[in-house]
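Student: Model the following, please.
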Amino acid sequence: DKQHDFVGVEEIGVFKAYGKPVATIFLWSALTYMTLQAVWSKLYFDEVRLETEAKLDDLKEELDKLDEHSSTRV
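Tutor: Below you'll find the model as predicted:
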């Protein structure tokens, strides 16, 4: 029975010794991951926005050309 109690105390000692550093590393890792994910998402959506604006500009130019072409024919 005493041996069982000793093992329990030893397990708590191990948790006290390594619990805080492991928790700290986990929290910093999670924070770093979330920060990098937010930065990546912002960069990705900025890229998508620029591509969409470029497509819209191309379509506007094409519409202007078609409008000029149709107005010269009439």
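Student: can you pull out the helices in this structure?
Tutor: With helices called from DSSP state H, the chain shows them at 2-73.
Student: which stretches of it have low pLDDT?
Tutor: 1-11, 73-74 (pLDDT under 70).
Student: try 80
Tutor: 1-15, 72-74 (pLDDT under 80).
Student: Report the central residue of it.
Tutor: The centre of the chain sits closest to Gln37, judged by C-alpha atoms, centre = their mean, with a distance of 1.9 Å.
Student: For Val48, see how far away that one is.
Tutor: Distance of Gln37 to Val48, given as C-beta to C-beta, to the nearest Å: 16 Å. The C-beta positions use only the backbone N, C-alpha and C, and glycine is treated the same way.
Student: Leu43: neighbouring residues, count only.
Tutor: Residues near Leu43, counting by other C-beta atoms under 10 Å, number 10.
Student: go on, the one 3 residues further on?
Tutor: For Asp46, the neighbour count with other C-beta under 10 Å is 10.
Student: for it, what are its contacts?
Tutor: Not one residue lies near Asp46 by C-beta atoms under 8 Å, 6 or more residues apart in numbering.
Student: can you tell me how far it sits from Phe26?
Tutor: From Asp46 over to Phe26 (counting by C-beta to C-beta), the distance is 31 Å.
Student: What of Met34?
Tutor: Distance from Met34 to Phe26, by C-beta to C-beta: 13 Å.
Student: Equivalent analysis for Val48, please.
Tutor: Applying C-beta to C-beta, the value for Val48 to Phe26 is 32 Å.
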